[in-house]
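Enquirer: Predicted model, plus sequence, below.
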Number of protein chains: 2
Amino acid sequence: MVQPTMEDVASRAGVSRALVSLVMRNSPRVSEQSRAAVLEAAEELGYRRNLMAHHLASRRTMTIGLVLNDLHNPFFAEMTDGIHEAAIEAGYRIVINTGLRNLASEQAAVDTFLEFRTDGVILVGSELPEAELEALAKETNLVVAARVTDSDSYDTVSIDDRLGARMVVDHLVDLGHCRIAHIDGGPGAGARRRREGYKAAMEHRGLSKHVRIVAGEYSEHAGTVGVDELLSHGEMPTAIFAANDLMATGVLDRLQFEGLKVPDDVSLVGFDNTAMAALHQMSLTTVDQPCELLGQLAARYLIERLDEEREEAVHHLLVPSLVCRSTSGPASSRTLEEIR
Amino acid sequence: MVQPTMEDVASRAGVSRALVSLVMRNSPRVSEQSRAAVLEAAEELGYRRNLMAHHLASRRTMTIGLVLNDLHNPFFAEMTDGIHEAAIEAGYRIVINTGLRNLASEQAAVDTFLEFRTDGVILVGSELPEAELEALAKETNLVVAARVTDSDSYDTVSIDDRLGARMVVDHLVDLGHCRIAHIDGGPGAGARRRREGYKAAMEHRGLSKHVRIVAGEYSEHAGTVGVDELLSHGEMPTAIFAANDLMATGVLDRLQFEGLKVPDDVSLVGFDNTAMAALHQMSLTTVDQPCELLGQLAARYLIERLDEEREEAVHHLLVPSLVCRSTSGPASSRTLEEIR
DNA sequence: AGTAATAGTTGGAGCGCTCTACAATCAATA
DNA sequence: TATTGATTGTAGAGCGCTCCAACTATTACT
């Protein structure tokens, strides 16, 4: 299990260690003859460059650390596709770690990359407090995706969550809904803005008194709990705006369990437009985030930083769009009792 | 962005670099006084150990590289939970990379870890040819999860795919089905065994002439394409056995699109029992894989290797179980024409 | 011919850490 | 008092690589 070193390759090829290094880095100042000899020796020995040593000497790993908040949420897989593509194209590789939707794990994930000295870090859907992000930006090149701040030490790439929420409310109000409840994303990335957007839009449409926010988080389970809460007291809402698709899945599941028809009895709208929302058995009305594009932008902004092409922070806000499917329809006037 | 080194911490604390190293490694042979001084200096400077240098000198990273075949499949997220838990418990951290469901990417992911010299590698759902795995095991400590081989240079942890497939067939035959088609997982991990298990079970139940296998892969899209293929010619099957849940999602979607009722017109069974299979709107009959347990086992076997507690390979095969939900029911006798 | 420029190669310092061997200090023992 | 042993600390080599300055060989130019 002990790997050959450059020294081994060099002596086998009958050249110096420095020359081997040049070959490995594809330097043009090497004769074709030596290059071939070195590559052959390397091949024979099964030589594989030691990134640790490489980095220590060069200060570059050509590696980007990617912290995904939740592996269970397909949204992150879609973002990763975009990031991966853009990174590879620019000659970088990515390495992933997961925040497991809790702060301690996210911090640990970030620390790992800091200790590995990856060239930069992309945080997707981070829940870290802004002060923490600020501190992080002092230690490494940072881009935060799917969350907005106005920091001037790192870049952010996101859709306009407030606008997205407003689109949801407008859509539902246009369908005749008044009692539109929102199960929020708690500490999740963008959750505050979605909540604010919901509230502002409700007020704007003259529905201040119908604002009803249930505390949740970005998980399926929060959706089921949220429904229980909504049905347990007060007047049943005619529409539910779930903070994201994953949660909407839980909501839909629970509504069905309670015997409520969607959208006949209750309308439901999600957020993210993940692949599962498009399925027939789900067919969820939701706010579309152009994940791949977001991912690509995040990677490109980071790479711009790595190449030192830019100093000042960029905050890129994309416009979301509403995708109407079959979980939203005209408001029902039936009460919970009548339905049951 | 330039980080302080041990040397900086040492001079600030008024001790030697070696002592700082001892403190950082929690050595007991350091006086409380110096320890405190060092930690304070480190804190003040914002010192963070350089894993690259650490590894170069110590030959250990306390890091496990995890290659997930497909981030879009929740099965891998669930496996990761188990692996993560067991790794953390043993003092290891994990770093993830994705194979993007294609060989070149998987190879690249593996190469990354090899270059990083992570202490070991866990491959989940790998599609690499066995020769490649064998070669890999020569370069690093390896555990392969969710796939079976009989290699004696690395460990494997998996459920018995053949048995799982057999359970599916038995269940469907017991419900009166004869024309049971299988959309297979192509090059996917375990797909061959599931296919073989399906075939053997069909033969065992005297249904050799009804064996019908459609080529697919572990993706939603393959499910929709598979259905198209099944409906385009020949007699319509009364039941479909999809190679995994992700694919079953696509199948269900397509069947609904074609106006076929599940399970009234066609029964459907998946494989994996991912979280989405349990949802009411899906409620998929499927084969359960104890993902977390599989993940934990994989991590533990790897750590045993790292701690050099074992030399010979272990091949752990867990028994799957069938979870009956609402996509499987008595065989229908209606033809496609009658339904339409 | 003499000089300059270019291409190809090399030795050695150094990246930030660990680890071995050894030094220094002090208390306990002979 | 001399010796031993335990405890704590340090110097220095070395991990595998990059990078720079310097060197050699070859070609081009005056």
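Expert: In hand now; what should we look at? Worth saying up front: this structure is predicted, and the values here are computed from it rather than measured.
Enquirer: contacting residues for the residue nearest to the spatial centre of chain A?
Expert: What sits nearest the mean C-alpha location of chain A, by CA atoms, centre = their mean, is A:V124, with 3.7 Å. By CB atoms under 8 Å, 6 or more residues apart in numbering or on different chains, A:V124 lies in contact with A:L66, A:V67, A:L68, A:N69, A:F76, A:M79, A:T80, A:I83, A:A145, A:A146, A:A298. To be clear about C-beta, it is placed using only N, CA and C from the backbone, and glycine gets the same treatment.
Enquirer: Disregarding residues adjacent in the polypeptide, which is nearest to the closest residue to DNA strand C within the stretch 151-300 of chain A?
Expert: DNA strand C sits closest to A:S153 of the stretch 151-300 of chain A, with a gap of 21.9 Å, by CB to the nearest atom of the strand. In this structure, A:S153 finds its nearest non-sequential neighbour in A:A137, 3.9 Å apart by CB to CB, 6 or more residues apart in numbering or on different chains.
Enquirer: picking that back up, can you name the residues bridging to the residue nearest to the centre of chain A?
Expert: A:V124 forms beta bridges with A:L68, A:A145, as assigned by DSSP bridges.
Enquirer: Quick check: phi and psi at the residue of the stretch 151-300 of chain A closest to DNA strand C.
Expert: Torsion angles at A:S153 (phi, psi; degrees, to the nearest 10) stand at phi -110, psi -10.
Enquirer: ok, now which ones touch it?
Expert: A:S153 neighbours (CB under 8 Å, 6+ apart): A:E134, A:A137, A:K138, A:L142, A:A313.
Enquirer: okay, and for chain A, where does confidence drop off?
Expert: Nowhere does chain A drop to pLDDT under 70.
Enquirer: now with 80?
Expert: For chain A, the stretches flagged by pLDDT under 80 are A:1, A:335-340.
Enquirer: Show me the domain layout of it.
Expert: A:6-49, A:61-160+A:290-318, A:161-289+A:324-339 (automatic domain parsing).
Enquirer: Reformat those domains as a markdown table; add distance to DNA strand D.
Expert: Formatted as a markdown table, the domains of chain A follow (distance: least, CB to the nearest atom of the strand, whole Å):
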| stretch | distance to DNA strand D |
| --- | --- |
| domain A:6-49 | 3 |
| domain A:61-160+A:290-318 | 11 |
| domain A:161-289+A:324-339 | 36 |
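Enquirer: hmm, back to that, other residues contacting the strand or helix carrying the residue nearest to A:S153?
Expert: In this assignment (DSSP states H and E), A:A137 forms part of helix A:130-139. For helix A:130-139, the external contacting residues (CB under 8 Å, 6+ apart) are A:107, A:110, A:114, A:121, A:123, A:126, A:128, A:142, A:144, A:149, A:151, A:153-154, B:1, B:3, B:46, B:48.
Enquirer: for stretch A:304-314, same thing?
Expert: Residues outside stretch A:304-314 that contact it (CB under 8 Å, 6+ apart) are A:Y92, A:D119, A:G120, A:N141, A:V143, A:S151, A:D152, A:S153, A:Y154, A:D155, A:T156, A:Y301.
Enquirer: picking up where we left off before, which one of the contacts of A:V124 is nearest to DNA strand C?
Expert: A:V67 (22.0 Å).
Enquirer: who touches the closest one in this structure?
Expert: Neighbour list for A:V67: A:96-99, A:106, A:109-110, A:113, A:121-124, A:126 [criterion: CB under 8 Å, 6+ apart].
Enquirer: Try it again at 7 Å.
Expert: Residues in contact with A:V67 (CB atoms under 7 Å, 6 or more residues apart in numbering or on different chains) are A:N97, A:G99, A:E106, A:A109, A:V110, A:V121, A:L123, A:V124, A:S126.
Enquirer: got those as CSV, with secondary structure columns?
Expert: Shown next, in CSV, are those (DSSP: H, G, I helix; E, B strand; the rest coil):
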residue, secondary structure
A:N97, strand
A:G99, coil
A:E106, helix
A:A109, helix
A:V110, helix
A:V121, strand
A:L123, strand
A:V124, strand
A:S126, coil
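Enquirer: Can you flag the buried ones in those residues?
Expert: For the contacts of A:V67, a burial check counting by 16 or more other CB atoms under 10 Å in any protein chain shown picks out A:N97, A:G99, A:E106, A:A109, A:V110, A:V121, A:L123, A:V124, A:S126.
Enquirer: what ranges do the strands span in chain A?
Expert: A:63-68, A:93-98, A:120-124, A:141-145, A:155-159, A:180-183, A:212-214, A:239-242, A:267-269, A:286-288, A:315-318, A:321-323 (DSSP state E).
Enquirer: who wins for proximity to A:H221 among these?
Expert: Closest approach to A:H221 among those (CB to CB): strand A:180-183, 11.4 Å.
Enquirer: picking that back up, give the single residue among the buried ones among the contacts of A:V67 positioned nearest to chain B.
Expert: Nearest to chain B, judged by CB to the nearest CB, of the buried ones among the contacts of A:V67 is A:N97 at 6.1 Å.
Enquirer: wait, isn't that closest one in contact with B:N97?
Expert: No: using CB atoms under 7 Å, A:N97 makes no contact with B:N97, being 10.2 Å away.
Enquirer: State which one residue of the stretch 101-250 of chain A is found closest to chain B.
Expert: Counting by CB to the nearest CB, the stretch 101-250 of chain A gets nearest chain B through A:E115, at 4.1 Å.
Enquirer: dump the residue contacts of the closest residue in space to A:L56 that isn't next to it in sequence.
Expert: Of all residues not flanking A:L56 in the chain, B:M52 sits nearest, at 4.9 Å (CB to CB, 6+ apart). Each residue near B:M52 by CB under 7 Å, 6+ apart is listed here: A:M52, A:H55, A:L56, A:F116, A:R117.
Enquirer: ok, 6 Å please
Expert: By CB atoms under 6 Å, 6 or more residues apart in numbering or on different chains, B:M52 lies in contact with A:M52, A:H55, A:L56, A:R117.
Enquirer: A:G250 too?
Expert: Here A:G250 is in contact with A:E220, A:H221, A:G223, A:T224 (CB under 6 Å, 6+ apart).
Enquirer: please redo it, this time with the cut-off set to 7 Å
Expert: When contacts are taken as CB under 7 Å, 6+ apart, A:G250 is in contact with A:E220, A:H221, A:A222, A:G223, A:T224.
Enquirer: Please apply the same query to A:V225.
Expert: For A:V225, the contact set (CB under 7 Å, 6+ apart) is empty.
Enquirer: Enumerate the residues of chain A near chain B.
Expert: A:48-53, A:55-56, A:71-72, A:74, A:77, A:80, A:93, A:95-98, A:112, A:114-117, A:220, A:249, A:252-253, A:256-257, A:275-276, A:279-282 (CB under 7 Å from any CB of the partner chain).
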